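Peer 1: sequence plus predicted model, see below.
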Amino acid sequence: MTATPGTTTPGTATTAVTSAVRRRTAERAAVRKVRRRVTRSLLVSGAWFWAIWAAFVAGVPAAVDRWGGEMPDLTYDLSGAPARWVALAVGAIVAGSMLRLHVAAGGTRRSVVDGVLRAAALVGPAYGVMAVLLTLGEERVFDALDRSWQGGATPLPLDTVAGIVVTVLGETFVVVTYALVGVSAVAAFRTRLIVLGPLLVASLLVPCAIVDLATRTGLFGIPLRGGYDDVALGAVGTVVGGLVAAALATVVAHRLLRSVSLRP
């Protein structure tokens, strides 16, 4: 039977459907590959990071108390809640090290961004829980040393379940945003290395600033340190601001990676 112009034969339709299914399957597999690698990197790096900071947070106030001096502030918060830089570094390292080989093996640029996004969303709550534990632990250390404690740099106080949940959610958005910004930073330099690279990287601070301000943490959140005055406002501000920052970082990462040349 000969197909008339403008019509689709059953064989052609079946081939098209099969091809589409194969593409979707391959895309999902590529996303899973990136997700597993980023998840592992975030967990391993995070384990070292949190172990070091736990020792630091417990040891520095004790050392100050032992040998004299004043330390009214928090060590972790004053450093800009540096767990976000771990996420940024992991995103940048993954994008820089595996993009070319990943695409050559049949993956796509989109699967890199989606894999990083999913891994960061998966590991982000663990980082949030650790941030809460670290803050509460430092409060206990200050209390044991009979020293004043100014309170943690969190969206809401950690003396309620709502405060803990909102803080964990906020840290999740932070990890997602900064990991994707790390991907974008590498793409920006590879796209416009000499002229626009530094400018593009500077513009990537926008989603970082949004999530810092929304969660009242990080370097940009220092002026607002102390959190929200109202629980409902804090929950809405943290979630909405975090979503905006993460969405913006995702869009920018997709756009920048599309223009990256994979040639040596």
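Peer 2: Structure received. Numbering: from 1, shown residues only.
Peer 1: contacts, neighbours, all on C-alpha from now
Peer 2: Will do.
Peer 1: helices of the protein, start to end?
Peer 2: Listed in chain order, the helices of the chain (DSSP state H) span residues 10-67, 75-78, 83-104, 109-144, 161-191, 197-203, 205-215, 231-258.
Peer 1: the nearest residue to residue 32 once chain neighbours are set aside: how many residues sit nearby?
Peer 2: Counting by CA to CA, 6 or more residues apart in numbering, the nearest residue to residue 32 once its immediate chain neighbours are dropped is residue 115, at 6.4 Å. Using other CA atoms under 10 Å, residue 115 has 23 neighbouring residues.
Peer 1: likewise for residue 83?
Peer 2: When neighbours are defined as other CA under 10 Å, residue 83 has 24 of them.
Peer 1: now it: how far from residue 251?
Peer 2: Using CA to CA, to the nearest Å, one obtains 23 Å as the distance from residue 83 to residue 251.
Peer 1: isn't residue 149 right up against residue 141?
Peer 2: No. Under the criterion of CA atoms under 8 Å, residue 149 lies out of contact with residue 141, with a separation of 9.4 Å.
Peer 1: okay, and the helix or strand of the chain with the least pLDDT?
Peer 2: Ranked by mean pLDDT, DSSP states H and E, the helix or strand of the chain with the weakest confidence is helix 75-78, at a mean of 62.
Peer 1: what about residue 220, distance to residue 180?
Peer 2: 18 Å.
Peer 1: got the contact list for residue 94?
Peer 2: For residue 94, the contacting residues are 38, 183, by CA atoms under 8 Å, 6 or more residues apart in numbering.
Peer 1: 10 Å - rerun?
Peer 2: For residue 94, the residues meeting the contact criterion (CA atoms under 10 Å, 6 or more residues apart in numbering) are 34, 37, 38, 41, 112, 116, 179, 182, 183, 186.
Peer 1: next, count neighbours for the residue nearest to residue 172 when sequence neighbours are not counted.
Peer 2: Taking CA to CA, 6+ apart as the measure, residue 172 lies nearest to residue 124, with 4.0 Å between them; neighbours along the chain are not counted. Applying other CA under 10 Å, we find 26 residues neighbouring residue 124.
Peer 1: how close does residue 52 sit to residue 146?
Peer 2: Residue 52 sits 24 Å away from residue 146, taking CA to CA as the criterion.
Peer 1: so what's the residue count around residue 226?
Peer 2: Burial of residue 226 is recorded as 18 neighbouring residues (other CA under 10 Å).
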